[in-house]
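Participant: Coordinates only, no sequence provided:
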């Protein structure tokens, strides 16, 4: 009789496996104790609900009775949702990358009974293929080694765990001369390093598979703002343009997939993640503020349209992801045959197919992904058609295809709520409001934070990582807290509500107390009272989401001024001194850090708006691109905040431009303020 223990879980990914013949356990005391009691190795299989190859391996192996029998006989089998337990995913992904040189999902790792890794890999086929050993052979070989070569297994696990601990002990080589990091030449070196890796034809950076790399794009936009380096702006804009024209962007329904499998951005991995869309909305908003390019102004509401129709919870927060697959086929929901399009569009099909590269044979696996190969103006010249006529025709056609597509079986929704990802979406909504002035974006951000405060926070003020079905699970991680602090800071900027800053300060103090490392410099990913991980990792690299340590550096940088906290400012300096060389040499892995260093070197403008009717003035100022600002506003005198202290408030709105708490000229006109900057 099977004892699959996943049926009572809330994670959609774990529930997908709840009826496998494998005796799956969730990660927890029951599974860990059973492994020790029976002296069996633990098989940890990690994935996520929107993962295509996770589904493939489930169908091929985990649903197979004979394969499941091997797993059940030889191992204690544990299923983990990487989005629910990123702490465990980080540890065991690092272990597999150390063993094999690569990683990915599904992640399958074999542990000793005390949870130390000794072997692992990603996808394994049911029979030997793709130069990969079969899954059943892996199971048999591991069992045989565990029984007959136990001492070697234990030695390997100890060696690997020691490697993970050592790799986590970074920061010893502090730069003694701060001037070697805090100088403008390094900012140019960072831009040059990013541009060395740039694809100057298709946009983006590096070779396939290509990720959006929003942090690099953001750095280049800001570098142009500070230096007028045309190459930086050109590559940033090219990257955003090609992303928006590619198949990675849903040309019918809006929203971005995770990454492109090719250099042209044509064929994505079709899962759509909340965090990718939040980060791209943020950088599109900055690009629009800087350039006023209408391409970005159109893309922002289109992406929000996708988010609000597909990923918005009825109470105001955001779901996690949409699957890559529908009806068991990757991308089926999003792709088209030419015959389908001709049947739906009639006489307009010819020009539509020409514009979006739709052919009889297909541009991807005998089907068609809609993508744009040339601009509207170039296409119109080549085909002797008026631009306004083409735009109207294309919009009409897209609406018809959208209606037809909505009748298809849609990809499944990962409907858990993740604190950190929602915080990223709040920040994105704030940035979009700042750039466009669209009040609905501000409302989205405010509604979301109310939901998070009501549902993912307990009576003691402690936060949780996930929420679903009125159940909160797992204490919040560093990323959750760091993104939430940043979200509160942005909320304060767009609303003028100083309570958001007080909440940001309170959470920051909690993080310092519960996540700081022994040197009081960096932060651990997990809180100091967590006991079910073999090591407490310190994550400093930016991945698909920003490094929590990097975002905390930004938070401390900002709040140290708002609350005049010298020790927070010095902590940021210490962090940058520790890893400054790595930031300069490898900025594509340290993109958020690069922006923190950029602010430290360029300096921050302390902008203050005071007046009994200053609310609308906030919107006027936010429209301008000022990436190195701290913004506070008040409708009344308030001596609690250092930047507002000893400043009178009247009916007429006053703008203060300050630096290091020294205010230069006071003006009554936002345009004059911008000129002063």
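Facilitator: Yes, it's here. From a predicted model like this one, the values you see are computed outputs, not experimental measurements.
Participant: CA only for contacts and neighbour counts going forward, please
Facilitator: Will do.
Participant: Show me where the stretch 151-300 of the chain has its helices.
Facilitator: For the stretch 151-300 of the chain, the helices defined by DSSP state H, counting those that start in this stretch occupy 184-196, 214-227, 230-245, 274-291, 294-310.
Participant: Give me the residues contacting the very next helix or strand once past the last one.
Facilitator: Downstream of helix 294-310, the next assigned helix or strand under DSSP states H and E is strand 321-322. With contacts defined as CA atoms under 8 Å, 6 or more residues apart in numbering, strand 321-322 is touched by 49, 50, 271, 272, 273, 274, 311, 411, 412, 413, 414, 415.
Participant: and what of stretch 202-221?
Facilitator: Stretch 202-221 has contacts (CA under 8 Å, 6+ apart) with 191, 194, 197-199, 232-233, 235-236, 238-243, 258-265, 279-280, 283, 286-287, 290, 587-588, 591-592, 594-595.
Participant: for the record, mean pLDDT for that stretch?
Facilitator: For stretch 202-221, mean pLDDT rounds to 96.
Participant: ok, now stretch 539-559?
Facilitator: Stretch 539-559 shows a mean pLDDT of 96.
Participant: How about stretch 79-96?
Facilitator: Stretch 79-96 comes out at a mean pLDDT of 96.
Participant: Just the buried positions in that stretch, please.
Facilitator: 79-89, 91-96 (16 or more other CA atoms under 10 Å).
Participant: And the contacts of it?
Facilitator: Contact partners of stretch 79-96, identified using CA under 8 Å, 6+ apart, comprise 11, 13-14, 24-27, 44-49, 102-104, 107, 109, 117, 119-121, 160-161, 164, 418, 465-466, 474, 477, 525-526, 533, 535, 537.
Participant: what mean pLDDT would you report for the helix or strand where residue 396 lies?
Facilitator: Residue 396 belongs to helix 387-405 when assigned by DSSP H and E. Over the span of helix 387-405, the pLDDT mean works out to 96.
Participant: if we can go back for a sec, among the contacts of stretch 79-96, which ones are buried?
Facilitator: Buried among the contacts of stretch 79-96 by 16+ other CA under 10 Å: 11, 13-14, 24-27, 44-49, 103, 107, 109, 117, 119-121, 160-161, 164, 418, 465-466, 477, 525-526, 535, 537.
Participant: Among these, which ones are in strands?
Facilitator: Members of the buried ones among the contacts of stretch 79-96 lying in strands (criterion: DSSP state E): 24-26, 44-47, 107, 109, 117, 119-121, 418, 465-466.
Participant: nearest to residue 364, of those?
Facilitator: residue 47 (25.8 Å; CA to CA).
Participant: pLDDT weak spots in the stretch 51-200 of the chain?
Facilitator: Filtered on pLDDT under 70, the stretch 51-200 of the chain yields the residue ranges 170-179.
Participant: same thing but 80
Facilitator: 130-131, 169-179 (pLDDT under 80).
Participant: Show me the strands in it, by range?
Facilitator: Ranges of strands in the stretch 51-200 of the chain, per DSSP state E, counting those that start in this stretch, are 76-81, 107-111, 117-121.
Participant: export those strands to CSV and tack on distance to residue 216?
Facilitator: Shown next, in CSV, are the strands of the stretch 51-200 of the chain (distance: least, CA to CA, whole Å):
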stretch, distance to residue 216
strand 76-81, 28
strand 107-111, 28
strand 117-121, 30
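Participant: List just the one of the ones you listed that sits closest to residue 665.
Facilitator: Comparing the strands of the stretch 51-200 of the chain by CA to CA, strand 76-81 comes nearest, at 54.2 Å.
Participant: so what strands line up beside the closest one?
Facilitator: strand 24-26 (parallel), strand 42-47 (parallel) (DSSP bridges).
Participant: out of the ones you listed, nearest to residue 341?
Facilitator: The nearest among those, by CA to CA, is strand 42-47 at 35.1 Å.
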